[in-house]
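J.: the following comprises the amino acid sequence and a computationally predicted model.
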Amino acid sequence: MKPFVSIIVPMYNVENYIEECVDSLLKQTLKNIEIILVDDGSPDRSGEIARQYCEKDKRVKVIHKKNGGLSSARNAGLKAATGDYIGFVDGDDFVADVMFNEMYVTAKQDDLDIVMCGYYKHSDKSGQYFPPTLPKDRVLLKQDLKQELKRAHETQFIWYVWRNLYRRELLRDNELYFCEDIRFAEDSPFNLYAFYAAKRVKAIDAGYYMYRWNPQSLTEVPYKPYMDENLIRQYRAKKRFYETFQLVEECEEDLQTYICKHQIPMLIANACAGQKPSKQIRRHIKEILTYPMVQSSLKKTSIQNDKLLSGQRLVLLLCKLNVPIMLEFFFKRKIAQ
């Protein structure tokens, strides 16, 4: 029998977490599933552990591939998936036993293309709940989704593929895959296309997904040498999306505000987190301020923008004035706190 749901699990250096992850999938109350473990050339025991699970349970499949990054691993899983719906679980996370049953049943009952749920952010001490950022417990149609796309960055509903269940036909018919040249924040361009293509979407206010805060993960390490080029590629992918579907005018303010509110501070904070002399850091900040996506956002976003907090307005002003020395001081002080 064809599986109801295919669950794609990319693995890279997750040997300390992968057993809890896979065990939570094998405990699903929805039994007709396939679990696709993608060993992305991991140098640890992740691939070996995956093979052991494959031998124990026929629902588990393993793909071994050369390291290509998270997007590449997810794409390998997408090509192998055979289920009616597709879910994603990162190898260092885990899920509630009822997650895929509840989401699949909801999807079938309401004939949905995408189902979204909430998630818990787990640390060693506690778990904080984050509800879905779309209107909850009602079916959103094409016209609703177009309105939501106008504030996709403000509400952040395009963040994270792992809290969503996607109809496989939606992804297949629209040839939707992850951009493999983007190795940081790759979810949002993928979700822009997926939600635009979707006709029926629903968000469930329940915390089925358990996101593990891991200080050693790619998203949490203080300094990311690849951040600049990846955020530039992400921006270009989003611009292509808006241009392709003639949404530039409607969605430009949302994107520009987001860049000023989040991505410019992220870029400058990353520059200041590197172990470099101040002279090099200031040179890097000066370079950041020349990026076309940064210049465009600085030009089009007012310091009086009511979506910016006071600290964000100060950063925006310092960027407009082009004073790397003050920006370095501001962000190094924040890092030290």
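T.: Arrived safely.
J.: okay, strands next: where are they in the stretch 101-250 of the chain?
T.: With DSSP state E, counting those that start in this stretch as the criterion, the stretch 101-250 of the chain has strands at 114-122, 127-130, 140-141, 164-167, 200-212.
J.: so which of these comes closest to Ile49?
T.: Nearest of the strands of the stretch 101-250 of the chain to Ile49, taken as C-beta to C-beta: strand 200-212 at 16.8 Å. C-beta: built from backbone N, CA, C; applies to glycine.
J.: now the closest one: mean pLDDT?
T.: Throughout strand 200-212, pLDDT has a mean value of 97.
J.: one more: stretch 240-252?
T.: 96.
J.: try stretch 290-303
T.: 96.
J.: with stretch 87-103 instead?
T.: Averaged across stretch 87-103, the pLDDT comes to 97.
J.: return the set of buried residues in that stretch.
T.: Buried residues in stretch 87-103, counted by 16 or more other C-beta atoms under 10 Å: 87-96, 99-103.
J.: ok, stretch 128-146 next?
T.: For stretch 128-146, by 16+ other C-beta under 10 Å, it's 130, 132-134, 140, 145-146.
J.: can you check stretch 20-35 too?
T.: Neighbour-count burial for stretch 20-35 flags 21-22, 24-25, 28, 30, 32-35 (criterion: 16+ other C-beta under 10 Å).
J.: got it, and stretch 76-88?
T.: For stretch 76-88, by 16+ other C-beta under 10 Å, it's 76-78, 81, 83-88.
J.: with stretch 105-122 instead?
T.: Those would be 106-107, 112-120, 122, for stretch 105-122 by 16+ other C-beta under 10 Å.
J.: find the pair from the residues you listed with maximum spatial separation.
T.: Among those, Asp113 and His122 lie farthest apart (C-beta to C-beta), at 28.9 Å.
J.: separation between Arg51 and Gln234?
T.: According to C-beta to C-beta, to the nearest Å, Arg51 and Gln234 sit 34 Å apart.
J.: looking at these two, which one has more neighbours?
T.: Gln234 (22 against 15; other C-beta atoms under 10 Å).
J.: go ahead and confirm the more buried one touches Asp187.
T.: No. With contact defined as C-beta atoms under 8 Å, Gln234 does not count as touching Asp187 (9.7 Å).
J.: mutual contacts of these two, please.
T.: Shared contacts of Gln234 and Asp187 (C-beta atoms under 8 Å, 6 or more residues apart in numbering): none.
J.: in a markdown table, list the buried residues of stretch 128-146 along with distance to Tyr12 and pLDDT.
T.: Listed next are the buried residues of stretch 128-146 as a markdown table, based on distance: C-beta to C-beta, whole Å; pLDDT from 0 to 100:
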| residue | distance to Tyr12 | pLDDT |
| --- | --- | --- |
| Phe130 | 24 | 96 |
| Pro132 | 28 | 96 |
| Thr133 | 27 | 94 |
| Leu134 | 30 | 97 |
| Leu140 | 34 | 98 |
| Leu145 | 33 | 97 |
| Lys146 | 36 | 95 |
